[in-house]
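*Asks:* Fold the following for me, if possible:
(one chain, ligands or ions: 1)
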Amino acid sequence: MRYKDGKWERLIPMPADVMEVALVCRSCGHKNPPKTKSCKKCGAEFVWSNDESTRPKVEFGLLHPEDLPFATNLPKGLKLLWMQTDHRIKEAEGWLPESEWMRYLQGQPPNQVVSSSELFTFEPRFGIAIGERGTTQEGMLYQAKFVRLKDDVALWAEVNGVQMTEKGFLRFGGEGKAATYEVIHPLPPIAQFNVKRFKVVLLTPAWFSGGWQPKDGDWSKIFNAPVRLIGAAIPRAQRFGGFDVAKKIPKPMRSFVPAGAVYFFEADEPITFADDFAFTETPDEVRQQNGGANAWAQIGLGVALIGLW
Ligand SMILES: [Zn+2]
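*Replies:* Numbering: from 1, shown residues only. You can find the predicted model right below:
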């Protein structure tokens, strides 16, 4: 989240169907293709500072499934994602601010996005392993990548069933450093549509038994209603393991669909979404340890926005 114009604004990872289609020159208004270094018409150089008034204005477009006049070897029923344009296009990067969500979820490209450099920087730090006597261990040098948030930037988390004072301190992150927190409420619910043609936009990673989809390709159990997958924009998988604190062993590495992935669906009847709708499955062994519950949905995987296409 970032503090802007007197209030906290949520940001979501850039959905994978958002494309950069043009860089509009501030001097002459010419529309240049993405990645252009200087205006092809007037020659003005493009400067990518954090000052919005000096950067070229970026125009965005949206991909969507399209009937195309050629054959593909996609699985039956799936369509290629497409966009009509004269230029080459580029995947948009960064974060989509809350002020743009409604426009995007109603099927319009965003007007503006926020770059990661406006929110945080990465800091590499070297560390050494310490032996039992408090001396350094030879050959045990490591480098870790830390995230430093910029001023007026915070992490947003949603929790259930926890009593918290309005403001306070907590131990946070892998090293248990002190952090301040503030309870923000009520945030308006994430927009939902009661529709037959919709897209699911992942805000947190998801896990599926068949990699990017349920093992049998049957999405109906996720929605409790018959639906057809028409297309998908899925960035490269993320791999997570972690450490099982209870058993004191590393957890197995698994592949996850990353936040920002977009799935396009159709249904014969309008779909309604339960408040606890989650777009993820849980591995069988983890499910068994949790009384058959979709446990990874409960810890925050598969959080999604629903939009139109
Ligand atoms: Zn120009």
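
*Asks:* show me where this structure has helices.
*Replies:* Here the chain has its helices, by DSSP state H, at 98-105, 220-223, 284-289, 295-298.

*Asks:* just checking, what packs against the helix-or-strand element of the chain with minimal mean pLDDT?
*Replies:* When each helix and strand of the chain is scored by mean pLDDT, DSSP states H and E, strand 243-244 comes last, with a mean of 73. Using 3 or more CB pairs under 8 Å, 6 or more residues apart in numbering; DSSP states H and E as the contact test, the elements touching strand 243-244 are strand 249-250. For the C-beta atoms, the positions are set from N, CA and C on the backbone; glycine is no exception.

*Asks:* what helices or strands is the strand it packs on leaning on?
*Replies:* By contact count (3+ CB pairs under 8 Å, 6+ apart), the secondary structure elements abutting strand 249-250 are strand 243-244.

*Asks:* sorry, back to before: what lines up beside the least confident helix or strand of the chain in the sheet?
*Replies:* As defined by DSSP bridges, the strand partners of strand 243-244 come to strand 249-250 (antiparallel).

*Asks:* ok, residues contacting the strand it pairs with?
*Replies:* By CB atoms under 8 Å, 6 or more residues apart in numbering, the list of residues contacting strand 249-250 from outside reads 241-244.

*Asks:* Could you do stretch 25-39 as well?
*Replies:* Taking CB under 8 Å, 6+ apart as the rule, stretch 25-39 contacts 20-24, 40-42, 44-46, 53-59, 87-90.

*Asks:* Show me what counts as buried in that stretch.
*Replies:* Buried residues in stretch 25-39, defined by neighbour count with 16 or more other CB atoms under 10 Å: 25, 30-34, 36, 39.

*Asks:* Also stretch 263-273?
*Replies:* Within stretch 263-273, the residues scored as buried using 16+ other CB under 10 Å are 263-267, 271, 273.

*Asks:* and residue 184, what does it touch?
*Replies:* By CB under 8 Å, 6+ apart, the residues touching residue 184 are 8, 156.

*Asks:* hmm, 10 Å instead?
*Replies:* 1, 7-8, 10, 154, 156, 158, 166 (CB atoms under 10 Å, 6 or more residues apart in numbering).

*Asks:* Who are the contact partners of residue 92?
*Replies:* 14-21, 34, 58, 60-62, 109-110, 113, 260.

*Asks:* Could you report the separation of residue 6 from residue 126?
*Replies:* If you measure residue 6 against residue 126 using CB to CB, to the nearest Å, the figure is 40 Å.
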